[in-house]
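1. Pasting the sequence and the predicted model now:
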Amino acid sequence: MAKRIKKTAYVRCRGGSPLLEGIDRAALPNDCEAILGLYPDGISRCRYGCLGGGSCVSACHLAAINIEGSGPPSVDAGKCVGCGLCGRACPQNIIDVINREYIIRPKCSNRDAGKTAREACDNSCISCGICVKVCPAASITIESGSPVIDPETCLGCGMCAVKCPRGVIRDIRGIITSAE
């Protein structure tokens, strides 16, 4: 009998982007599609990040995803079964369903490079390429301003997470941390 691969939702955003001037988070609807209807270019300097409307939270039948304060959602891997409902509910497409064994993941969805990304968010990838250079398995590429890790070749060593100057690449278990 084949072993079932355990999956979990993973949010590719750490927050850190200030709201655009004149936007009051408390006055926003509790639905991300509705927020995008009002603000098609997003509500913060990073137009790629979490909107914070909670559509993913509403979609999860297991209460495995929640939003505390003004940050992006967090996933309780102990409750999450990787069904993908939260990801389908996210109009920003920042929630992936991943194999739990693939522990090294980027935590940013910004597609801008360098200075533009840095100005948009305190936690964004700046496409510096350090992760690409330090990866002993050549598992990382920069595509559209963000690191992409090939889970099939990644060794899980965490060298990229340790060296990332912005703390974008994360160990989903929280064991390996960057020097940020």
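-> Yep, that arrived. No experiment lies behind these values; they were computed from the predicted model shown.

2. If we go by neighbour counts, what in stretch 13-32 is buried?
-> 13-17, 28, 31-32 (16 or more other C-beta atoms under 10 Å). Heads up, the C-betas are built off the backbone N, CA and C, glycines and all.

3. tell me the SS of the closest residue to Asp31 other than its chain neighbours?
-> Of all residues not flanking Asp31 in the chain, Gly53 sits nearest, at 5.1 Å (C-beta to C-beta, 6 or more residues apart in numbering). Applying DSSP: H, G, I helix; E, B strand; the rest coil to Gly53 yields a three-state assignment of coil.

4. what about Gly53, distance to Cys80?
-> 20 Å (C-beta to C-beta, to the nearest Å).

5. and those two? which has more neighbours close in?
-> Of the pair Gly53 and Cys80, Gly53 is the one with more neighbours under other C-beta atoms under 10 Å, namely 24 against 21.

6. who's in contact with the more buried one?
-> Contacts for Gly53 were tallied using C-beta atoms under 8 Å, 6 or more residues apart in numbering; they are 28-35.

7. residue boundaries of the strands in this structure?
-> With strands called from DSSP state E, the chain shows them at 7-11, 65-66, 74-75, 95-99, 104-106, 140-143, 146-149, 169-171.

8. neighbouring contacts of the third one?
-> If you take C-beta under 8 Å, 6+ apart as the criterion, strand 74-75 is touched by 8-11, 64-68, 86.

9. what mean pLDDT does it have?
-> In this model, strand 74-75 has an average pLDDT of 94.

10. hang on, the earlier thing: and the contacts of strand 74-75, which two are the farthest apart?
-> With distances taken as C-beta to C-beta, the most widely separated pair in these is Thr8 and Glu68, at 18.5 Å.

11. Mind checking which of these two has more residues around it?
-> Using other C-beta under 10 Å, the more surrounded residue of Thr8 and Glu68 is Thr8, with 20 against 8.

12. what about the residue nearest to Asp31, distance to Arg14?
-> Here Gly53 is placed at a distance of 17 Å from Arg14 (C-beta to C-beta).

13. got it, and Lys115?
-> Looking at Lys115 against Arg14, where the rule is C-beta to C-beta, the gap reads 19 Å.

14. Val162 now?
-> Taking C-beta to C-beta as the criterion, Val162 is separated from Arg14 by 17 Å.

15. Then Arg4?
-> The separation that Arg4 has from Arg14, given C-beta to C-beta, amounts to 30 Å.
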